[in-house]
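Engineer: quick one, structure for this:
(chains A, B, C and D)
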Protein chains: 2
Amino acid sequence: MNLPQALKRPTLHEELVERLRNLVVEDALKPGEKVPEKDLCEAFGVSRTPLREALKVLASEGLVVLQTNRGARVAKVTREELEKTFPVIAVLEQLAGEQACLHLDNAGIARIQKRHDAMVKAFHARDRKAYFKANQDIHNALIEGAGNDILETHHRLLAARVRRARYMVNLSDERWAQAIDEHEQMMALLHARDAEGLGLLMKTHMMNKFAAHIRALSFAEEDGLG
Amino acid sequence: MNLPQALKRPTLHEELVERLRNLVVEDALKPGEKVPEKDLCEAFGVSRTPLREALKVLASEGLVVLQTNRGARVAKVTREELEKTFPVIAVLEQLAGEQACLHLDNAGIARIQKRHDAMVKAFHARDRKAYFKANQDIHNALIEGAGNDILETHHRLLAARVRRARYMVNLSDERWAQAIDEHEQMMALLHARDAEGLGLLMKTHMMNKFAAHIRALSFAEEDGLG
DNA sequence: TGACGTAATTATGAATTCATAATTCAGTCA
DNA sequence: TGACTGAATTATGAATTCATAATTACGTCA
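Structural biologist: Numbering: from 1, shown residues only, chains lettered A, B, ... in the order given. Presented below is the predicted three-dimensional model:
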């Protein structure tokens, strides 16, 4: 029998970690900006203690940077950091791809296929927002499909740090088409349950994504937006 | 010019994270045990506030588990968790091996060779403790050699969670000899700067290590020590 | 006018306090 | 004796307070 774990009520600091993380990822708190402790306390209606606890956790995740006696700032996502983060995400996705092939049942694969179809539809409709969302869903589903929560946790931590950057670049039509093509191949390999193949493809897919981002970032920097 | 980053004095909670982490990794606080908030406050001579902040961080690292209104316990390292953690460490080491080949200069490789020699010496002297330390040093040096602090951070987080388990198993003579052999090959590939080769070997090396641990753990469980 | 030094203000780290949930323990009754 | 009840104790989460570092505002002098 599967007894429910001693039920877990949330504490303030846990909720705050969630909500602050969202503020950062959704760009309500911008990189480099100070995290206004007092204002946030008022906004959330809590005292400083749980909020500060939450900030410590976010700092350990790398989403904010703490400066002694000078409070917290939202971490900047530098190009250098992207260059270090993407390869790590890539190998985690590779592992996820391999494991997903082994662990997912047919129903699980069908669910991913559905999302894939939605993504292709968004591509043809040139709906970038829907595409982005579906894409994210697929990757998350594959990670989940690996059935390894340690892998999932670390992937999530890393993905959170670059997600903001990923919202900002609007990929070129070429890259977009290429990405769709890669995803088609991924689905084929998943259906064939070619673990090694899917792993390798997911890694290169991620590195291609990365290269596109760096390129886009270069243009942005030239335009003085970096 | 390379300006020093706004110099960073440590805060109490940061020091406490360090010291508590050590207590857990070095097995002074045992898995499943309650973390005695009050005692630790007295021992460290601090109030509960910074200590609790530190516990939140450790919880986000997975070293302790928080239960609402029931305090913190040292996380148990179950076999299931080992089974999920090792593959992730393995792919991170693979990446590290690849990158280290590309980034390390000759001096860096020489430093690792020195540690390797020390490890081989400890092996011949059958000094398990010295071997374990040298082994750890080598792996850490290779990770560092990759020159990717994101990779390093996540490797450290994962390694911390299994280190305790790794202290406990005493590897068989066969496995020990095999490990030495694998390390000899690693050095050869590093000198040859065969990035792909070293990456693959480090991955399988880690998975072999893992298999040996699981075997040892099985015997321990049969002996009723699990 | 503008750079410098100093006082006032604010923000931060950490200790303390407070309300409440969990645990312990004594007492009761079957 | 042993399971149950409820009061006493303790531990925990969160608010508040306090000391000090950082920042801002202001006044002085070149």
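
Engineer: give the contact list for the residue nearest to A:Asp137 when sequence neighbours are not counted.
Structural biologist: Setting aside the residues directly before and after it, A:Asp137 is nearest to A:Arg115 in space (C-beta to C-beta, 6 or more residues apart in numbering or on different chains), at 5.0 Å. (Each C-beta comes from the backbone N, C-alpha and C, glycine too.) For A:Arg115, the residues meeting the contact criterion (C-beta atoms under 8 Å, 6 or more residues apart in numbering or on different chains) are A:Ala134, A:Asp137, A:Ile138, A:Ala141.

Engineer: what about A:Arg115, which helix or strand?
Structural biologist: Here A:Arg115, judged by DSSP states H and E, is contained in helix A:106-124.

Engineer: so which bits of that helix are buried?
Structural biologist: If you call a residue buried by 16 or more other C-beta atoms under 10 Å in any protein chain shown, then helix A:106-124 has these buried ones: A:Gly108, A:Ile109, A:Arg111, A:Ile112, A:Arg115, A:His116, A:Ala118, A:Met119, A:Val120, A:Ala122, A:Phe123.

Engineer: which helix or which strand is home to A:Val24?
Structural biologist: The secondary structure element spanning A:Val24 is helix A:12-25 (assigned by DSSP H and E).

Engineer: helices or strands up against that helix?
Structural biologist: The criterion is 3 or more C-beta pairs under 8 Å, 6 or more residues apart in numbering or on different chains; DSSP states H and E, and the helices and strands that helix A:12-25 contacts are helix A:37-44, helix A:48-61, helix A:149-168.

Engineer: can you lay out the ones you listed as JSON lines showing mean pLDDT, mean neighbour count and distance to DNA strand C?
Structural biologist: Conversion of these to JSON lines gives the following (pLDDT from 0 to 100; neighbours: other C-beta atoms under 10 Å in any protein chain shown; distance: least, C-beta to the nearest atom of the strand, whole Å):
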{"stretch": "helix A:37-44", "mean pLDDT": "96", "mean neighbour count": "13", "distance to DNA strand C": "4"}
{"stretch": "helix A:48-61", "mean pLDDT": "98", "mean neighbour count": "21", "distance to DNA strand C": "6"}
{"stretch": "helix A:149-168", "mean pLDDT": "87", "mean neighbour count": "19", "distance to DNA strand C": "21"}
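
Engineer: nearest to DNA strand D, out of those?
Structural biologist: When the helices and strands packed on helix A:12-25 are ranked by distance to DNA strand D, counting by C-beta to the nearest atom of the strand, first place goes to helix A:48-61 at 3.5 Å.

Engineer: who are the packing partners of the longest helix belonging to chain A?
Structural biologist: In chain A, with assignment by DSSP state H, the single longest helix is helix A:195-222. Contacts of helix A:195-222 with other secondary structure elements, assessed using 3+ C-beta pairs under 8 Å, 6+ apart, are made with helix A:79-103, helix A:149-168, helix A:173-192.

Engineer: who does the longest one touch, helix- and strand-wise?
Structural biologist: Helix A:79-103 sits against helix A:128-145, helix A:149-168, helix A:173-192, helix A:195-222, helix B:79-103, helix B:149-168, with contacts defined as 3+ C-beta pairs under 8 Å, 6+ apart.

Engineer: can stretch A:54-73 be found next to DNA strand D?
Structural biologist: Yes. Counting by C-beta under 7 Å from any atom of the strand, DNA strand D has neighbours in stretch A:54-73: A:Thr68, A:Asn69, A:Arg70.

Engineer: among the residues you listed, name the buried ones.
Structural biologist: Members of the residues of stretch A:54-73 next to DNA strand D classed as buried by 16+ other C-beta under 10 Å: none.

Engineer: give me the pLDDT for the closest residue to DNA strand C within chain A.
Structural biologist: Closest residue of chain A to DNA strand C, C-beta to the nearest atom of the strand: A:Gly71 (2.2 Å). We have a pLDDT of 95 for A:Gly71.

Engineer: ok, now which ones touch the residue nearest the centre of chain A?
Structural biologist: With distances taken as C-alpha atoms, centre = their mean, chain A has A:Ala159 as the residue nearest its mean C-alpha position (3.0 Å). With contacts taken as C-beta under 8 Å, 6+ apart, A:Ala159 has the following neighbours: A:Ile89.

Engineer: swap in A:Ala134?
Structural biologist: Listed by C-beta under 8 Å, 6+ apart, the contact partners of A:Ala134 are A:Arg115, A:His116, A:Ala118, A:Met119, A:Ala122.

Engineer: just confirm A:Leu55 contacts A:Arg21, I think it does.
Structural biologist: No. Because the distance of 10.9 Å does not satisfy C-beta atoms under 8 Å, A:Leu55 is recorded as not touching A:Arg21.

Engineer: now A:Met206: how far from A:Gly199?
Structural biologist: In this view, A:Met206 and A:Gly199 are 11 Å apart by C-beta to C-beta, to the nearest Å.

Engineer: thinking again about what came up before, to A:Leu12, which of the helices and strands packed on helix A:195-222 lies closest?
Structural biologist: Nearest to A:Leu12, of all the helices and strands packed on helix A:195-222, is helix A:149-168, at 21.0 Å by C-beta to C-beta.

Engineer: distance between the closest one and the chain's centre?
Structural biologist: Averaged C-alpha coordinates place helix A:149-168 at 3 Å from its chain's average position (C-alpha atoms, centre = their mean, to the nearest Å).

Engineer: tell me what angle that helix forms with helix A:48-61.
Structural biologist: What separates the directions of helix A:149-168 and helix A:48-61 is an angle of 90 degrees, with axes from the mean of the first three to the mean of the last three C-alpha atoms, to 10 degrees.
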